[in-house]
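[1] Provided below for reference: sequence and predicted model.
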Amino acid sequence: MLVQTQRQIATLLTAVVVTAMSGCGQSGFDSHFVSSDKTESLIKEAQNGVGDLPGVNELVSDRFGTPQQLNAWMKLPVDFGGVSGSVSAAPEASIAVEELSLKFDGEVIQVDSEPLLVQFVTGAAAPAVVEIKRWSAEKGVASLTAAMETLPAEGDTVILNGGSHLKTGRQLYMRHCSHCHGTSGDAAGPTAEYLNPRPRDYRHGVFKFTSTNAQSKAARDDIRRVLQNGVPGTYMPSFVPMLKDNELDIVVEYVRFLALRGEFERRLVSELAPDYSKDAMANRMASGETRSEVVNDLKEFLAEDLQDSIEGFMDGTNGLATVWTNANLPEATITPDAARVPNSAESRRIGRELYLSKAINCADCHGIGGKGNGPQTTIFEKNVVTETLYPEPGLHDVWDNVNQPRNLTLGIYRGGRRPIDLFCRIQAGIKGTRMPSFKNLKHEDIWHIVNYVLSIPFEPEPGKGPTPAPAAATTP
Amino acid sequence: MKKFWALFFFFWPAVAFWSCWIARSRGWWFPASEDNPLGLAMSPLGQQIDGLFYLILGIVAVVFVGTQFALGYALWMSATKEDSKPAHYSHGSHSLELIWTIVPAFVLVFIALYQMNVWAEFRVQSYFPNETKEDGPKLEVTARQFEWRMRYPAPGQVLSNQPQAGDLYAVNEMHVQTGRPVKFNLRTGDVQHAFFAPQLRVKQDAVAGLIIPVWLEVPKAGKYDLVCAELCGWGHYKMRATIVAEPKEKVEEYLRNLEQEQNFDGVAPAAAEE
């Protein structure tokens, strides 16, 4: 009996020790980028390709990779990290070299655990990757772990640890962001379904609170500001001081990478959807075409036209690469042409008049008292994509979530409480939502409205004195 | 097998001693840093709390080691000695019962009385340091899933429980004056959280619907951690903030900068360049 108990205890102890030592971390969990609903509305052949011709899924993963093996598509306006440099002296020909003279634009930091990988970007040796065993900063000479077969020439560009931002960015994102925003940036992480408002789905390439004008994308600083300050009134917290300055930059790049991935996928689908969605297929078969005819059509489109389409929406003045770059230019940033009008009772009164005026009509959504209960909040809206009515009343955003106008009496401003923040919300609107851009409004008038809006929590009507404190606060 | 149980009970006090011995070098002890390698409390009240902690640790150590040793000793003796005498049962001994009731009761009453001053100073408002009564609360700290939001009154104003027009807001960074007790109001915007400044030994729950006054005093300028010590949800670990202790002038300068930042209208820098 006793021996048996001892044996049982020993077995149990062994099990505990083994579990503790092996841990649960190595269970082989793989994360995936999932394809969007829009992609899944296409016919199978358009999603997965026909014969050798790649479909949407492969076209996207060729360029962006998988979470385990991310690709740095150089066409994207994303800072993938790494230190660029060049070959400062061509090695002597005809010998397989183990040493190379290199010149880098930044500092080379050697960490024991991380290999230093140099990739040749131009020249005969490209796209070879070599590993540096030892780097001598004074001489500018790198000893390689293995001899090189194809020799580079002087002036060939190289990149050291290229893609390091993607790698670190992914690790940080998966740890801190993915449980809400999802691995693919699709706002479908495990904790997302408990949140109201819902976390942002980046794949539209739309960010609500920006400092850029109405037609521009979000600048890097806009995303960074959200990471720093959080979004009050939502579940988005501030990530300072948990993330260091450079880590914030890296997360911003990774979020832009995911946004571009999602937008690239959407654009691809919109090229194919008119003719090769499941609905289009049904229509075409109803009008007499056979399935194989449609697939042959698709084959032709994928082989001949798609490359042009991709170049069309990536490059050019309105291409994705351009618009995401231009959002960071000073021209895209909203700069008021005059300083804020002094916050006087008179200015707030003008602001209130503008707020209630027929032309601007803030009250239509935000309500006469600013409680966010204007008449528009009770209508049944039509979904502009599907052209059907939403099942619930209220204003909807491009993510199909109910997104009611802000209650301005609370003094909580999601996009920031600085006057410039409110100015941008009015001048450029809130992107992806029903808050429109009032870009034709005189800047002076916008400032009057800003002054009024900032006073709403404290003074319901300008000049009428402060809001009476709630009764509960005065009773002991 | 009889000896096994004796050794078993000798083993645990040894483990307890060993783990206390290596705790500091392993970072299992109080949070230490380069300027504070011993992990001493960085606030006067914290030092008193540490004093209580060590006192209780001492009492517990004596009791634990004593009882374990007695148990092991009894087992060892009966395992090694062949004794033909019949067993003696002490169950129901009146004097023994009295001893082991009165002695722990005395110890507990002693601890209860001895810690009262520290407790009152930390938690009872009428015993708060006089400076905090003169100054009033300096800021309001609102815990929220998953961050700390600070609200300071406008420079020259008094903090009000209702937000005021000139209030200054910050997130995850709390600035307090060094060398003077600073009182602040603690609240929560959603569920229960706990304000925990480990180096200062300040820990206070934030409870929905309550405004809880808390005070702390930091003699030495520097940055101290502020974390949440109440499991408040899936993002609990994200609630990390910094307490910046600095001289009065620096705090005032910080608030002036905060005010300027908060009133930024997008054109101010150009005006400053002219």
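    Looks like it came in fine. Numbers count the residues shown, from 1 in each chain, chains lettered A, B, ... in the order given.
[2] what does the stretch 151-274 of chain B put close to chain A?
    Within the stretch 151-274 of chain B, the positions adjacent to chain A are B:161-165, B:169, B:171-173, B:234-235, B:238-242, B:261-268, B:271 by C-beta under 8 Å from any C-beta of the partner chain. Quick note: C-beta positions are derived from backbone N, CA and C, even for glycine.
[3] those residues of chain A touching chain B, which are they?
    A:2, A:176, A:179, A:191, A:229-230, A:232, A:235, A:237-242, A:334-336, A:338-340, A:411, A:417-420, A:423-424, A:447, A:454-455, A:457-458, A:469, A:473.
[4] for the single nearest residue of the stretch 51-200 of chain B relative to chain A, what are its contacts?
    Chain A sits closest to residue B:147 of the stretch 51-200 of chain B, with a gap of 4.0 Å, by C-beta to the nearest C-beta. Contacts for residue B:147 (C-beta atoms under 8 Å, 6 or more residues apart in numbering or on different chains) come out as A:230, A:237, A:238, B:171, B:172, B:238, B:239, B:241.
[5] can you lay out those as CSV showing secondary structure?
    Listed next are the contacts of residue B:147 as CSV, based on DSSP: H, G, I helix; E, B strand; the rest coil:
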residue, secondary structure
A:230, coil
A:237, coil
A:238, coil
B:171, strand
B:172, coil
B:238, helix
B:239, coil
B:241, strand
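[6] worst-scoring helix or strand of the chain, pLDDT-wise?
    I went with chain A, as the question did not name one. helix A:471-474 (a mean of 43; mean pLDDT, DSSP states H and E).
[7] try chain B instead
    Sorted by mean pLDDT, DSSP H and E, the helices and strands of chain B end with helix B:268-273, the least confident at a mean of 50.
[8] relative to residue A:59, how far out is the closest residue in space to residue A:38 that isn't next to it in sequence?
    Taking C-beta to C-beta, 6 or more residues apart in numbering or on different chains, and ignoring the residues beside it in sequence, residue A:38 has residue A:269 as its nearest neighbour in space, at 4.5 Å. Separation of residue A:269 from residue A:59 (C-beta to C-beta, to the nearest Å): 10 Å.
[9] more neighbours, those two?
    residue A:269 (23 against 18; other C-beta atoms under 10 Å in any protein chain shown).
[10] contact partners for that one?
    A:36, A:38, A:39, A:41, A:42, A:56.
[11] so where's the stretch 1-150 of chain A uncertain?
    Scanning the stretch 1-150 of chain A for pLDDT under 70 picks out the ranges A:1-29, A:93-96.
[12] would you map the helices across it?
    All helices of the stretch 1-150 of chain A, identified by DSSP state H, counting those that start in this stretch, fall at A:2-22, A:37-40, A:44-48, A:56-64.
[13] equivalent analysis for the stretch 151-274 of chain B, please.
    Using DSSP H, counting those that start in this stretch, the helices of the stretch 151-274 of chain B run over B:248-262, B:268-273.
[14] could I get those helices as JSON lines with distance to residue A:464?
    Shown next, in JSON lines, are those (distance: least, C-beta to C-beta, whole Å):
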{"stretch": "helix B:248-262", "distance to residue A:464": "25"}
{"stretch": "helix B:268-273", "distance to residue A:464": "30"}
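[15] which stretch among the ones you listed is buried most, on average?
    helix B:248-262 (a mean of 14; mean count of other C-beta atoms under 10 Å in any protein chain shown).
[16] how is chain B divided into domains?
    B:2-80+B:97-122, B:136-263 (automatic domain parsing).
[17] which stretch among those domains is buried most, on average?
    The most buried one of the domains of chain B (mean count of other C-beta under 10 Å) is domain B:136-263, showing a mean of 18.
[18] straight-line length of that domain, end to end?
    Domain B:136-263 has an end-to-end distance of 26 Å (C-alpha to C-alpha, to the nearest Å).
[19] now the helices for the stretch 301-450 of chain A?
    In the stretch 301-450 of chain A, the segments counted as helices under DSSP H, counting those that start in this stretch are A:306-314, A:320-326, A:345-356, A:363-366, A:419-428, A:443-455.
[20] export stretch A:70-88 to PDB, keeping only CA atoms.
    The C-alpha coordinates for stretch A:70-88 follow below in PDB (Å, rounded to 0.1, in the frame of the first residue of the first chain):
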ATOM      1  CA  LEU A  70       7.500  37.800 -43.700                       C
ATOM      2  CA  ASN A  71       8.500  39.400 -47.000                       C
ATOM      3  CA  ALA A  72       9.900  42.900 -47.400                       C
ATOM      4  CA  TRP A  73       8.400  43.900 -50.700                       C
ATOM      5  CA  MET A  74      10.600  46.800 -51.600                       C
ATOM      6  CA  LYS A  75       7.800  48.600 -53.400                       C
ATOM      7  CA  LEU A  76       6.000  49.300 -50.200                       C
ATOM      8  CA  PRO A  77       6.600  52.600 -48.500                       C
ATOM      9  CA  VAL A  78       7.600  50.800 -45.200                       C
ATOM     10  CA  ASP A  79      10.900  51.200 -43.400                       C
ATOM     11  CA  PHE A  80      11.900  47.500 -43.100                       C
ATOM     12  CA  GLY A  81      14.900  48.300 -40.900                       C
ATOM     13  CA  GLY A  82      18.500  47.300 -41.300                       C
ATOM     14  CA  VAL A  83      21.600  49.400 -42.100                       C
ATOM     15  CA  SER A  84      22.400  50.100 -45.700                       C
ATOM     16  CA  GLY A  85      25.900  50.200 -46.900                       C
ATOM     17  CA  SER A  86      28.100  49.400 -49.900                       C
ATOM     18  CA  VAL A  87      31.200  47.500 -50.800                       C
ATOM     19  CA  SER A  88      34.100  49.900 -50.300                       C
END
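[21] buried ones in it, by neighbour count?
    A:70-73, A:76-83, A:85-87 (16 or more other C-beta atoms under 10 Å in any protein chain shown).
[22] out of those residues, which sit inside strands?
    Counting by DSSP state E, those place A:83, A:85, A:86, A:87 in strands.
[23] show me the two of these that sit farthest apart.
    The most widely separated members of those are A:83 and A:87, with 14.2 Å between them, by C-beta to C-beta.
[24] coming back round to it: tell me which of the domains of chain B sits nearest to residue A:222.
    Residue A:222 lies closest, by C-beta to C-beta, to one member of the domains of chain B: domain B:136-263, at 16.5 Å.
[25] the stretch 151-274 of chain B: strands as residue ranges?
    B:168-171, B:173-177, B:182-188, B:193-197, B:202-206, B:212-216, B:222-228, B:240-246 (DSSP state E, counting those that start in this stretch).
[26] note down every partner strand of the fourth one and its orientation.
    Translated: strand B:193-197. Using DSSP bridges, strand B:193-197 pairs in its sheet with strand B:202-206 (antiparallel), strand B:222-228 (antiparallel).
[27] quick check: closest non-adjacent residue to the spatially most central residue of chain B.
    In chain B, the residue lying closest to the centroid (C-alpha atoms, centre = their mean) is residue B:201, at 3.4 Å. Spatial nearest neighbour of residue B:201, chain neighbours left out: residue B:46 (3.3 Å); criterion: C-beta to C-beta, 6+ apart.
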